[in-house]
Each structure stands twice: as structure tokens, then as C-alpha cells.
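Colleague: structure here, sequence nowhere to be found:
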């Protein structure tokens, strides 16, 4: 027979003896809780690492695609660089420095847009994974209410 945890409570002026779950069940629940937390943290860390890796690789893919489009539309890109060069020339008379800053600014804008597209890809992938995992909820076993009540 398992030792029992007991609690004495004062209820409306009377001392009430309440029997709780067996101590072994309480110890097992604590172990299960800590294991659950370890696996939850481990799974979260692995998931975040995979998501960051996917986002980084997708950002490179999108940046390459944007670079091809900007090169294909060289007229519009040259016009944009010319506008930004004019902006930088109004602040400083250095033409070479202004062109370099304008090109760097355009590249920065392209990186920013590529990153936004990569986050959209990540969001869409997570949405698909969530939808695919919804049917698995039906396979989960139903928990026993008496054990949950005894532990809490």
C-alpha cells in the first residue's frame, strides 16, 4: 500500500481530513512535469534554429531573384540610383562617395525586401505545418480527470 499525502483543513470551524493522491503519484507527476519542460524547451530550440536557417537561406534565394530583376530592369535601377545620388550630392559634393552610398542604399533596400519575403515564406510554412498537425490532435489519448484533480 502506498503512503498517502494528507491535509488537515479547517472548514467552517471543523477540522477536515482530506486525503490526496499517493505520494508516488505526486513524485511521478513532478518527474513527468520536468521531463515535459525539458522536451518542450529542446523542441522549441530546435524549431527556432530550423526556422532561422530556413529564413536565412530563403533570404539569399529572394535576394538573388531580386538582383536578377534589378539587372534586367537596368534602366529603372539606374534611374533610382541617379535619384539617390542626387540626394547625397545635395548633402556633400563628392560624386564617387554619393554613387557608392546610393548603390549601398539600393542594395540595403533589396536585402530588406528579400528578408520580408523570407519571413512570408516562413509564416506560410508554419501555417501549413499547423494545418497538417491538426488531425494528430484526434489521436491524443484522453486524460484522466481523477489523476489531474488529485495532483492539483
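Modeller: Thanks, I have it. Computed from a prediction, not measured in an experiment: that's the story for all the values here.

Colleague: residue closest to the middle of the chain?
Modeller: residue 48 (5.7 Å; C-alpha atoms, centre = their mean).

Colleague: any idea which helix or strand carries it?
Modeller: Assigned by DSSP states H and E, residue 48 falls within helix 23-72.

Colleague: so how far is that helix off the chain centroid?
Modeller: 7 Å (C-alpha atoms, centre = their mean, to the nearest Å).

Colleague: likewise stretch 67-79?
Modeller: For stretch 67-79, the distance to the chain centre is 34 Å (C-alpha atoms, centre = their mean).

Colleague: give me the residues contacting that stretch.
Modeller: For stretch 67-79, the surrounding residues in contact (C-beta atoms under 8 Å, 6 or more residues apart in numbering) are 106, 110. C-beta here means a position set from N, CA and C on the backbone, and glycine is covered the same way.

Colleague: can you get me the start-to-end distance on it?
Modeller: Length of stretch 67-79, first residue to last, C-alpha to C-alpha, to the nearest Å: 16 Å.

Colleague: ok so, going back, which pLDDT does the model give the residue nearest to the centre of the chain?
Modeller: We have a pLDDT of 95 for residue 48.

Colleague: what about it, distance to residue 69?
Modeller: Taking C-beta to C-beta, to the nearest Å as the measure, residue 48 falls 31 Å from residue 69.

Colleague: residue 133 too?
Modeller: Distance of residue 133 to residue 69, computed by C-beta to C-beta: 36 Å.

Colleague: more crowded one of these two?
Modeller: Neighbours around residue 133 and residue 69, counted as other C-beta atoms under 10 Å, are more numerous at residue 69. The numbers are 12 against 9.

Colleague: now for residue 84, how many residues are close by?
Modeller: Neighbours around residue 84, by other C-beta under 10 Å: 19.

Colleague: can you start the count at 36 instead of 1 from here on
Modeller: Sure thing, new numbering starts at 36, so read that last one as residue 119.

Colleague: so it, which of the three states?
Modeller: At residue 119 the chain is in helix, as set by DSSP: H, G, I helix; E, B strand; the rest coil.
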